[in-house]
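Colleague: have a look; sequence and predicted model below, questions after that.
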Amino acid sequence: MNFLLLSGSFHSRSRSLVIVDTIRPFLSGHDVLVPQLDRLPFYCEDLNQNKPPVVQDFLAQVTAADAIICCTPEYNHSIPAVLKNAIDWASRPAFASPLKGKPVSFVTQAVSAVGGARAQAHLKLVLDSTLSEIHPCHEMMITGIDTLTDGKSPITERKVLERLERHILDFIRFAQRRAAVSQQAP
Ligand SMILES: Cc1cc2nc3c(=O)[nH]c(=O)nc-3n(C[C@H](O)[C@H](O)[C@H](O)COP(=O)(O)O)c2cc1C
């Protein structure tokens, strides 16, 4: 299967990108792409009529993906603009976009004890509007992320790795079930 991993941050010490790297081994045997969402222009109706190549490439990746995993921090009790902007681009035409029916799952993280719970709730709300298939699961949030990685070092904490592996393997099964159902659809 093709998995698209959407990070909510791209700076040089991005803990979200560390999480992306941490979950890659759990997706072995599958194709994984991590688009540079920070290269997308802000969504604009005019640009949508005449899409720049970077947008066309991203939309092709979303269309080709069997499933999407968002790995993101919480920004001001919501999701970072870079991730929301990417979802906005992929969300047109409304209710018939490449996100429609797409299995999606989330991994949020924060320094705080809240673990990005509000970002995760907002992601569900946003992707519900695109008719995506939201992974029903134990929510995967990581608290105290600053004690697990400095944004460069890999995460080695056994319990966190076990939770991440369980989450990703469960999502793979969910995405496979969704793919089987859509193949059967007339
Ligand atoms: C603009 C901004 C807003 C933030 N707002 C929140 C917040 O509302 N709740 C929270 O728990 N952490 C908040 N944080 C902290 C980040 O979520 C936290 O540092 C996270 O680990 C950064 O992830 P990253 O390395 O992937 O960018 C904020 C950070 C920034 C830069």
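Modeller: Thanks, I have it. Computed from a predicted structure; not experimentally measured.
Colleague: buried residues, the strand or helix carrying Val32. List them.
Modeller: Take DSSP states H and E as the rule and Val32 turns out to sit in strand 31-33. Buried positions in strand 31-33, judged by neighbour count with 16 or more other C-beta atoms under 10 Å: Val32. (Each C-beta comes from the backbone N, C-alpha and C, glycine too.)
Colleague: again, but for stretch 167-183
Modeller: Neighbour counts using 16+ other C-beta under 10 Å place 167-168, 170-172, 174-175, 178 of stretch 167-183 among the buried residues.
Colleague: for the residue nearest to the spatial centre of the chain, helix, strand, or coil?
Modeller: For the chain, the residue nearest the mean C-alpha position is Cys70 (1.5 Å; C-alpha atoms, centre = their mean). Put simply, Cys70 is strand when judged by DSSP: H, G, I helix; E, B strand; the rest coil.
Colleague: contact partners for it?
Modeller: Shown in contact with Cys70 (C-beta atoms under 8 Å, 6 or more residues apart in numbering): 6, 8, 83, 104-107, 123.
Colleague: including pLDDT, neighbour count and secondary structure, could the residues you listed go into TSV?
Modeller: As requested, these are arranged in TSV below (pLDDT from 0 to 100; neighbours: other C-beta atoms under 10 Å; DSSP: H, G, I helix; E, B strand; the rest coil):
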residue	pLDDT	neighbour count	secondary structure
Leu6	98	27	strand
Gly8	98	30	coil
Leu83	98	26	helix
Val104	98	26	strand
Ser105	98	25	strand
Phe106	98	27	strand
Val107	98	27	strand
Leu123	98	26	helix
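Colleague: roughly how far apart are Leu27 and Thr147?
Modeller: With distances taken as C-beta to C-beta, to the nearest Å, Leu27 is found 25 Å from Thr147.
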